[in-house]
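Asker: Give me a 3D structure for the following:
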Amino acid sequence: MIHLKTPEEIKIMAEGGKILATIMKQSLKEVKPGITTNDIDRLAESLIFKYGAKCSFKGQNGFPACSCISINEEIVHGVPSARKLKAGDILSLDLGLYYNGFHSDMAVTVPVGEVNFDIQRLMRVAKKSLKRGIKLSRVGNTFGDISNTIQRYVEGQGFNVARDLAGHGIGKNLHEDPEILNYGKRERGAEIKEGMVFCLEPMVVAGSGEIKLAKNGQTYETEDGSWAAHFEHTIAVTKEGTKILTDMGDIDLDNNDPEE
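Answerer: I've put the predicted structure just below:
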């Protein structure tokens with residue numbers, strides 16, 4: 001069942017989303033060669049507490065940390081550790097925040113130092129596929145319209161989506177209905193209505209799209225070892241239109257890409 005939010009509830013979620021976007025910006029500034037993923041996680045957790053909020057992910061299905069930090073072939077749910085980042089890696093930082101009774105959730109993939117052209121393109125396609133999904137997140141469309149648009153764009157650029165992973169509704173619970181696939185057919189699934197709040201999160205891979213669960217029992221990786229990029233925003237459908245509650249301005253989803 002999809003729970004519609006009132007304007008007052010969306011206002012609270014917007015406040016939480018703004019805090020989360022600020023924390024994401026501050027955490028990403030620390031991404032550089034030599035830092036550990038534990039260091040990034042500790043910073044993110046301290047900032048969440050500073051703003052009077054709680055970590056959404058910690059304890060979810062046994063997840064041991066505040067943030068999910070996935071590197072290279074890891075797609076989502078990477079567990080922070082003493083692993084040091086190296087120049088040429090890419091890092092996906094996925095953060096969730098619980099604020100005044102509601103969750104917000106977002107993810108960004110960034111390079112660690114310089115990365116090659118193919119990896120830059122992988123990240124750009126993942127970022128732009130999210131942007132295209134957001135454009136279709138309006139009253140009267142269906143979630144299948146969003147899923148199909150993401151799939152067609154990603155596959156048209158020579159990549160694949162990780163089909164066994166999906167976006168989701170969000171609110172008082174971190175994961176709510178509907179499940180939002182990154183592939184599908186137009187005019188399928190629930191119709192988008194005012195009051196819906198959900199997370200779109202394309203997970204784009206350079207290889208086949210097949211995934212496996214890592215030995216730690218938490219992290220999903222590509223089956224073939226190809227690299228992955230992950231972008232996510234919390235979206236609200238309101239009377240005034242579609243709003244990105246976790247908007248980061250020009251740090252992600254920029255409008256300066258010549259391929260746009």
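
Asker: what's stretch 203-216 in contact with?
Answerer: Here stretch 203-216 makes contact (Cβ atoms under 8 Å, 6 or more residues apart in numbering) with 74-76, 79, 118, 122, 125-126, 129, 154, 159-165, 182, 219-230. In this view, the C-beta of every residue, glycine as well, is placed from N, C-alpha and C.

Asker: what's the span of it, first residue to last?
Answerer: One end of stretch 203-216 sits 20 Å from the other (Cα to Cα, to the nearest Å).

Asker: residues of it that come out buried?
Answerer: Met203, Val204, Val205, Ala206, Gly207, Gly209, Ile211 (16 or more other Cβ atoms under 10 Å).

Asker: Need the worst-confidence member of these.
Answerer: Of all the buried residues of stretch 203-216, Gly209 has the smallest pLDDT value, namely 93.

Asker: So Ser46: helix, strand or coil?
Answerer: The three-state label given to Ser46 by DSSP: H, G, I helix; E, B strand; the rest coil is helix.

Asker: low-scoring pLDDT stretches of the stretch 151-260 of the chain, where are they?
Answerer: Along the stretch 151-260 of the chain, the model assigns pLDDT under 70 to residues 250-260.

Asker: Packing partners of the strand or helix carrying Asp145?
Answerer: Using DSSP states H and E, the element containing Asp145 is helix 143-156. If you count contacts as 3 or more Cβ pairs under 8 Å, 6 or more residues apart in numbering; DSSP states H and E, helix 143-156 packs onto helix 117-135, strand 160-161, strand 176-180.

Asker: let's see 6 Å
Answerer: helix 117-135 (3 or more Cβ pairs under 6 Å, 6 or more residues apart in numbering; DSSP states H and E).

Asker: Would you mind getting the angle between the helix it packs on and helix 143-156?
Answerer: 160 degrees (axes from the mean of the first three to the mean of the last three Cα atoms, to 10 degrees).

Asker: which strands and helices sit next to helix 117-135?
Answerer: Using 3+ Cβ pairs under 6 Å, 6+ apart, helix 117-135 is in contact with helix 143-156, strand 228-230.

Asker: just the ones you listed: most buried one?
Answerer: Each of the helices and strands packed on helix 117-135 was assessed for mean neighbour count using mean count of other Cβ atoms under 10 Å. The highest is strand 228-230, with a mean of 29.

Asker: and the helix ranked longest in the chain, how far from the chain's centre?
Answerer: For the chain, the helix that runs over the most residues, judged by DSSP state H, is helix 7-28. Relative to the centre of its chain, helix 7-28 is centred 14 Å away, using Cα atoms, centre = their mean, to the nearest Å.
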